[in-house]
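Enquirer: Prediction below, plus the sequence it came from.
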Amino acid sequence: MSATILDGKTVAAAVLDRVRRGAASLLERTGARPGLAVVLVGDNPASEVYVRNKTRRAEECGFASRLVALPASVGRDELLARIGELADDPAVHGMLVQLPLPDHLDAREIQRAVPPDKDVDGFHPLNAGKLLLGDDDGLVPCTPLGVIALLDHYEIPLAGRDVVIVGRSNIVGKPLFHLMLSRHATVTVCHSRTRELAATCARADVLVAAVGVPGLIRGEHVRPGAVVIDVGINAVDDPAQAEDLLAGQPRRLERFRRRGRALVGDVHFGEAREKAGAITPVPGGVGPLTVALLLDNTLRAARRALGVPA
Ligand code: NAD
């Protein structure tokens with residue numbers, strides 16, 4: 001069996017199209033564009049790429065986007081003051097502080113300075129609590145929302161299904177647990193201390209990997225016909241590891257041999273594809289959806305701030 005490929009780029013394009021139309025309608029009704037502010041501290045190259053992607057996509061959707069770039073040496077008080085200015089600015093409807101932060105800053109404290117109604121990353125404790133309680137007026141983290149958008153797009157049902165999530169982080173595993181539960185799935189969350197990981201995963205109708213370990217999920221973890229969602233994004237430069245993880249993908253392997261670097265997920269794609277009914281690739285699976293859902297969250301926050309129903 002060879003699995004259906006769940007194409008995140010197509011789904012992200014559909015979400016972005018809806019967001020673009022929503023932003024145009026908001027502008028027409030209120031004269032205001034959805035405003036997104038991104039705070040970047042330091043010069044981490046991966047963060048710079050992520051931030052550029054967010055602000056560029058925001059502008060493509062007709063948003064007003066603002067980048068506040070601060071040096072790695074910025075002090076706690078100065079950073080909190082800049083966040084406070086954005087918090088008080090009525091043209092900013094959504095804001096986020098790009099992680100990771102330099103070691104001298106306390107990420108938890110900094111993130112909690114973002115007001116909950118502008119917290120488009122959904123990391124504030126008030127939004128986490130609303131998700132846990134099933135209140136639908138909070139803001140929810142973007143990557144888990146992207147997983148649900150992907151499943152919805154392909155009309156993959158969740159009610160009554162066995163879902164296994166590998167990874168219990170605050171930004172992916174835990175919020176996804178609540179979203180899956182609210183869709184009436186029976187949800188198991190696995191983590192670094194889970195015993196019998198393969199056997200547990202192999203019971204899943206829908207298996208989600210959000211771990212950060214390249215190729216951890218192999219063929220033996222996948223129930224025949226299961227839906228496999230790979231959230232992991234890992235850079236690999238070790239040739240032996242790449243030969244293993246890209247086995248069965250000759251074009252990608254060829255590209256690795258030329259470039260010496262490849263992005264892989266937490267799932268061994270070649271093995272899992274042979275058993276799964278449907279599977280996301282990396283790249284091109286969940287990744288593109290994260291930014292799309294960030295902009296969707298910003299549009300929601302803007303509508304709420306401006307008193308405009310969806
Ligand atoms: P994290 O490091 O915060 O959490 C990893 C989780 O995996 C932990 O709960 C840990 O218990 C679990 N884990 C670690 N080793 C394990 C093992 N051997 N067996 C079972 N569980 C194990 O990571 P995160 O921030 O949730 O990110 C996970 C992956 O998802 C990373 O590859 C990251 O790059 C990627 N990610 C992608 C997006 C996206 O936009 N697609 C967004 C966020 C994170």
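Expert: In hand now; what should we look at? Residues are numbered from 1 along each chain as shown.
Enquirer: For the rest of this, base every contact and every neighbour count on C-alpha atoms.
Expert: Will do.
Enquirer: ok, now which ones touch Leu36?
Expert: Contacts for Leu36 (Cα atoms under 8 Å, 6 or more residues apart in numbering) come out as Thr55, Ala58, Phe63, Ala64, Ser65, Arg66, Val92, His93, Gly94, Met95, Thr298.
Enquirer: What helix or strand is Thr188 located in?
Expert: Per DSSP states H and E, Thr188 falls inside strand 186-190.
Enquirer: Okay, now the sheet partners of that strand, with direction.
Expert: Strand pairing for strand 186-190, using DSSP bridges, gives strand 162-166 (parallel).
Enquirer: Output the strand it pairs with in PDB with nothing but the alpha carbons.
Expert: Written as PDB, here are the backbone C-alpha positions of strand 162-166 (Å, rounded to 0.1, in the frame of the first residue of the first chain):
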ATOM      1  CA  ASP A 162      -8.000   6.500  18.700                       C
ATOM      2  CA  VAL A 163      -5.400   9.300  18.400                       C
ATOM      3  CA  VAL A 164      -1.900   8.900  19.700                       C
ATOM      4  CA  ILE A 165       0.300  12.100  20.100                       C
ATOM      5  CA  VAL A 166       4.000  11.600  20.600                       C
END
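Enquirer: what mean pLDDT does it have?
Expert: Strand 162-166 shows a mean pLDDT of 99.
Enquirer: Near the ligand, which residues of the chain are found?
Expert: Counting by Cα under 6 Å from any ligand atom, the chain comes close to the ligand at 143, 166-169, 171-172, 190-192, 210-212, 231-234, 286-287, 290.
Enquirer: got the contact list for the strand holding Thr188?
Expert: Contacts of strand 186-190 (Cα under 8 Å, 6+ apart): 159-168, 173, 177, 180-181, 197.
Enquirer: Which members of the residues you listed are classed as buried?
Expert: The neighbour-count criterion (16 or more other Cα atoms under 10 Å) marks Arg161, Asp162, Val163, Val164, Ile165, Val166, Gly167, Arg168, Gly173, Phe177, Met180, Leu181 among those as buried.
Enquirer: Name the nearest residue to Gly265, sequence neighbours excluded.
Expert: Using Cα to Cα, 6 or more residues apart in numbering and skipping the chain neighbours, the partner closest in space to Gly265 is Gly232 (4.4 Å).
Enquirer: What is the end-to-end distance of stretch 114-131?
Expert: Chord length of stretch 114-131, first to last residue, is 17 Å (Cα to Cα, to the nearest Å).
Enquirer: tell me which residues in that stretch are buried?
Expert: Buried residues in stretch 114-131 (16+ other Cα under 10 Å): 114-124, 126-128, 131.
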